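Enquirer: any chance you could fold what I've pasted below:
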Amino acid sequence: MPTTTLTSSSSTRISSDLILDRLASPDTEIKLKAIRDVKNQIIGNPTKKLFYIKIGAVPAVAAILAEADADSVSGSNLIVQSAVTLGSFACGFEVGVRAVLDAGAFPHLVRFLSNADEKVVDATARSLRMVYQSKLAPKYDFFQEENMKFLLSILNSESENLSGLGATIITHSCETSAEQNILCRAGALEKLIILLEGSPSQQDASLESLAAILKNNSEAVTKFVDLQNGRALNSVIELTKDRCSRTRLLACLCLICVKNSSSSYLQDIGIETKLIYILLELLDDPGQVGDEASFAFSSLIAGKEDLQKLAFKANAIDKFNHRLQCHPLQAKCLEGIFLALADLCSKLECCRSKFLSLQILNFVVDGLTHDDAIVRTAACVCLRSVTRSIKNLSTGLFMNEKIVIPLVRLLSDHSTSVQVAALGVISNIVVDFTPYKSILVQCGGIKELVQLTKSMDSSLRLHAVWTLRNMVFQADKMFKHKIFVELTASSVASLICDHEPSVQEQALAFVRNFVGGCIDSIEYAFAEGCIILDAVGRQLRRASKLGIIIQAYMENLFMMAEFSYLSWYCMSESRAVLIELLTWFHFPMQGMYVLSNIASGNEFHKEAVMQQLFPQPENECHSFFNQFLQNNDCNIRSAAVWVVVNLSIPTSPGAFDRIVKLHNFGIISQIKKMINDSCMDVKLHARLVLEQTIKVGDSLL
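Expert: As a prediction, this is how the structure comes out:
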């Protein structure tokens with residue numbers, strides 16, 4: 001008799017249909033057993049989780065949770081098993097979290113937290129903790145009074161899972177200073193301090209929450225340090241000695257938040273050294289703790305030269321080098337190590353020398369071609385810190401094919417963060433060392449940079465122009481010509497008038513460097529019918545008018561005694577407006593230096609600058625250039641005086657006529673007032689102008 005066989009796919013399909021049928025069964029016992037079967041198979045098994053997600057098991061379990069009768073024994077059992085199963089789907093598995101949220105299970109889990117059955121509450125609390133460990137979880141609104149009352153009640157619960165859930169909610173949702181402050185005022189700190197004396201799970205949850213509330217908030221830090229006359233802070237310090245590596249790490253993170261948020265606390269070198277050694281020790285811990293220790297180390301030493309010196313003495317670079325020798329390393333681990341090394345090498349030459357002597361550079365260069373974008377970005381950030389070494393830059397150490405070629409390739413990376421980071425490295429290695437720049441040209445670096453100046457992303461335009469600015473600094477004529485051919489005068493003019501102020505500033509700085517040097521370079525400002533020079537002039541006149549408006553606006557604003565500047569600044573829209581307005585104050589300096597460099601050229605160049613400064617009759621533009629000479633910023637005053645210095649050079653044939661015009665526009669009389677300027681540079685240059693006018697023989701003086 002013939003036999004029949006089932007294929008693997010057919011068997012899987014039948015098995016899938018069976019489990020879904022059992023989950024949808026009207027028989028409670030069948031449903032309960034089906035849920036348990038799913039739960040037992042997916043625990044710690046991502047492959048099984050993904051399989052059950054694909055066949056639609058999560059919505060089926062969520063439906064059971066939503067429909068179960070909590071008042072019956074069988075219903076309570078269904079709720080408990082459903083909650084635990086949904087928590088298992090979500091545990092450390094982003095796809096699982098998304099499936100649970102999409103299935104609509106979240107509000108039902110929250111609803112059952114108020115159930116009378118302790119087992120139901122415990123199960124749903126554990127499930128929600130799994131969900132809240134993911135960034136996908138919905139944010140908790142602390143500003144709703146009912147929400148805050150509920151949060152404080154579960155923080156105060158004797159149930160470990162409930163109180164832990166409350167702490168986890170804070171860690172996940174507390175991101176702004178306003179949220180930190182409202183939690184402090186509501187008494188969350190006091191509740192969390194109590195948890196420090198609880199179980200290991202409660203201690204860890206409390207430490208994470210405390211770090212979230214204290215981060216970058218000196219007011220919250222002060223309140224925390226004063227709690228229980230300092231005993232709360234001492235409790236955290238004591239937990240750095242805990243047997244559990246994760247607890248030690250979290251205690252360190254909490255103390256780092258205290259230290260970074262207020263300079264008046266934890267200044268004891270003993271504590272600082274202790275934190276460094278603990279974090280370096282935790283690097284060897286397997287799993288997540290070892291990975292996170294690098295990031296904690298970075299946050300501790302970032303921007304702090306004194307701590308970087310302590311870390312250097314603690315052989316931190318050797319420690320990270322040893323960690324890099326362990327293969328293979330996960331992407332997150334590599335990212336943390338590279339960022340930690342970046343902070344170590346950001347200021348100290350001794351760290352950079354040690355980094356290079358240990359040949360860590362090879363690991364970082366390999367990181368430039370890593371499959372994961374976070375590693376490529378971190379490798380660039382690290383390389384940028386190391387390439388701040390003038391000694392090694394001057395020898396062309398970093399300008400070789402092994403480094404430059406992968407960096408140039410990253411300029412077309414699919415990740416914007418990688419592109420920006422790569423631009424930061426290239427910006428460093430091209431500064432002032434002309435003999436080595438040809439490699440960048442040969443591998444198509446200039447074409448890539450020019451292309452990025454046309455990007456729709458303003459951060460890419462900004463950093464691309466910034467890199468080109470550094471590239472043309474003191475570059476020779478041939479190199480400048482290659483860049484100009486690619487970039488074109490019209491593109492430069494467009495960048496000068498970019499809608500982003502920061503891009504405009506860097507474009508002006510680029511032109512300043514480009515036209516600096518020989519007369520041949522100045523000629524580029526007159527290409528395509530003076531389109532670049534005209535753009536510079538327009539931006540300076542615009543900045544002049546805007547400067548007057550800003551000054552008047554700010555004076556009127558602060559004359560209102562009842563109006564608090566701080567409260568106005570804290571309003572996001574107002575803050576954004578103010579930041580954009582303040583950016584304009586950088587324009588005049590760069591623009592004035594552009595005109596100063598052009599004015600250092602021949603008579604044609606000098607007269608072109610005069611035309612930009614005084615394009616209209618005296619009574620219509622008297623305040624334009626004069627305003628920059630009287631600016632509160634000494635850098636702007638200095639740049640403006642330099643323009644007059646170059647316009648009034650005695651050996652110039654047209655110097656006398658220009659000095660007469662400058663006198664008629666009130667410029668010379670303003671220069672006279674500046675010979676006693678508070679800024680030495682301004683004072684010296686003002687005196688030089690007056691000496692030059694005397695040499696010219698200006699009888700009007």
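
Enquirer: for the rest of this, base every contact and every neighbour count on C-alpha atoms.
Expert: OK.

Enquirer: once you drop chain neighbours, what's closest to Ala421?
Expert: Closest residue to Ala421 apart from its sequence neighbours, by CA to CA, 6 or more residues apart in numbering: Cys380 at 5.4 Å.

Enquirer: please apply the same query to Glu305.
Expert: Lys347 (6.6 Å).

Enquirer: what's the spacing between that neighbour and Arg246?
Expert: Per CA to CA, to the nearest Å, Lys347 is found 30 Å from Arg246.

Enquirer: same thing with Arg376?
Expert: For Arg376, the distance to Arg246 equals 28 Å [CA to CA].

Enquirer: comparing those two, which shows the higher neighbour count?
Expert: Remark: of Arg376 and Arg246, Arg376 carries more neighbours, 31 against 20, as counted by other CA atoms under 10 Å.

Enquirer: for that one, give me its contacts.
Expert: If you count contacts by CA atoms under 8 Å, 6 or more residues apart in numbering, Arg376 has them with 367-370, 418.

Enquirer: report the buried members of those residues.
Expert: 367-370, 418 (16 or more other CA atoms under 10 Å).

Enquirer: now do the helices in the stretch 551-700 of the chain.
Expert: Counting by DSSP state H, counting those that start in this stretch, the stretch 551-700 of the chain has helices at residues 565-570, 572-583, 587-599, 603-613, 618-629, 634-647, 655-664, 667-673, 680-696.

Enquirer: these: which one's closest to Ala507?
Expert: Closest to Ala507 of the helices of the stretch 551-700 of the chain, according to CA to CA: helix 587-599, at 9.1 Å.

Enquirer: how big is the angle separating that closest one from helix 634-647?
Expert: Counting by axes from the mean of the first three to the mean of the last three CA atoms, to 10 degrees, helix 587-599 lies at 20 degrees to helix 634-647.

Enquirer: could you check the angle helix 603-613 makes with helix 587-599?
Expert: Our comparison of helix 587-599 with helix 603-613, counting by the same axes, to 10 degrees, yields an angle of 150 degrees.

Enquirer: ok, Ser177 to Ala212 distance?
Expert: For Ser177, the distance to Ala212 equals 10 Å [CA to CA].

Enquirer: kindly report the same for Ile390.
Expert: Ile390 is 39 Å from Ala212, where distance means CA to CA.

Enquirer: repeat that for Phe143.
Expert: 17 Å.

Enquirer: quick one, which of the two is more surrounded?
Expert: Ala212 (24 against 12).

Enquirer: so what's that one up against?
Expert: For Ala212, the contact set (CA under 8 Å, 6+ apart) comprises 170-171, 174-175, 180.

Enquirer: what's near enough to touch Lys695?
Expert: Applying CA under 8 Å, 6+ apart to Lys695 gives the contacts Pro650.

Enquirer: repeat that for Ala507.
Expert: 465-466, 469, 492, 495-496.

Enquirer: chain neighbours aside, what residue packs nearest to Asn369?
Expert: Actually, residue 369 is Thr. It isn't Asn. With CA to CA, 6+ apart as the criterion, Thr369 has its nearest non-adjacent residue at 6.5 Å, and that residue is Arg376.

Enquirer: which strand or helix spans that neighbour?
Expert: Take DSSP states H and E as the rule and Arg376 turns out to sit in helix 373-386.

Enquirer: lowest confidence element among the helices and strands of this protein?
Expert: Ranking every helix and strand in the chain by mean pLDDT, DSSP states H and E puts helix 565-570 at the bottom, with a mean of 40.

Enquirer: ok, how many other residues are close to Thr651?
Expert: 10.

Enquirer: against Val660, how distant is it?
Expert: In terms of CA to CA, Thr651 sits 16 Å off from Val660.

Enquirer: what about the stretch 251-400 of the chain, any weak spots by pLDDT?
Expert: Counting by pLDDT under 70, the stretch 251-400 of the chain contains no low-confidence segment.

Enquirer: can you do 90?
Expert: Within the stretch 251-400 of the chain, the segments meeting pLDDT under 90 span 261-271, 286-288, 326-328, 389-400.

Enquirer: ok so, going back, OK, contacts around the residue nearest to Ala421?
Expert: Counting by CA under 8 Å, 6+ apart, Cys380 has contacts 364, 368, 418, 421-422, 424-425.

Enquirer: what strand or helix carries the nearest residue to Gly303 once chain neighbours are set aside?
Expert: Nearest residue to Gly303 in three dimensions, chain neighbours excluded: Asp343, at 7.2 Å (CA to CA, 6+ apart). Element membership of Asp343 [criterion: DSSP H and E] is helix 331-344.

Enquirer: that helix packs against which elements?
Expert: Contacts defined by 3 or more CA pairs under 8 Å, 6 or more residues apart in numbering; DSSP states H and E place helix 331-344 against helix 288-301, helix 305-313, helix 316-324, helix 373-386.

Enquirer: and that helix with helix 288-301, angle?
Expert: Orientation of helix 331-344 against helix 288-301 (the same axes, to 10 degrees) gives an angle of 20 degrees.

Enquirer: what sits up against helix 331-344?
Expert: 290-295, 297-298, 301-303, 308, 311-312, 317, 320, 324, 351, 364, 372, 374-375, 378-379, 381-386.

Enquirer: show the subsequent helix or strand relative to it.
Expert: Next along the chain after helix 331-344, taking DSSP H and E as the criterion, comes helix 349-357.

Enquirer: so for that next one, what gets flagged as buried?
Expert: Within helix 349-357, the residues scored as buried using 16+ other CA under 10 Å are 349, 351-355.

Enquirer: stretch 465-474 too?
Expert: 465-474.

Enquirer: and the contacts of it?
Expert: The contact list for stretch 465-474 (CA under 8 Å, 6+ apart) reads 423-424, 426-428, 430-432, 434, 449, 453, 479-480, 503, 506-507, 509-511, 513-514, 516-517.

Enquirer: follow-up on the earlier one: and the contacts of helix 331-344, which are buried?
Expert: Neighbour-count burial (16+ other CA under 10 Å) applied to the contacts of helix 331-344 gives 290-295, 297-298, 301-302, 308, 311-312, 317, 320, 324, 351, 364, 374-375, 378-379, 381-386.

Enquirer: circling back to that earlier point, show me the two of the contacts of Cys380 that sit farthest apart.
Expert: Largest pairwise distance in the contacts of Cys380, by CA to CA, is 15.0 Å, between Val364 and Gly424.

Enquirer: tilt between the helix or strand hosting Val503 and helix 587-599?
Expert: Under the criterion of DSSP H and E, Val503 resides in helix 501-515. Between helix 501-515 and helix 587-599, the angle comes out at 20 degrees (the same axes, to 10 degrees).

Enquirer: mind giving me the domain split of this protein?
Expert: Domain assignment for the chain, taken from the TED database, gives 13-138, 140-257, 268-410, 587-700.

Enquirer: can you list those domains in a markdown table and add distance to Ile522?
Expert: Below are the domains of the chain laid out as a markdown table (distance: least, CA to CA, whole Å):
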| stretch | distance to Ile522 |
| --- | --- |
| domain 13-138 | 53 |
| domain 140-257 | 47 |
| domain 268-410 | 27 |
| domain 587-700 | 6 |
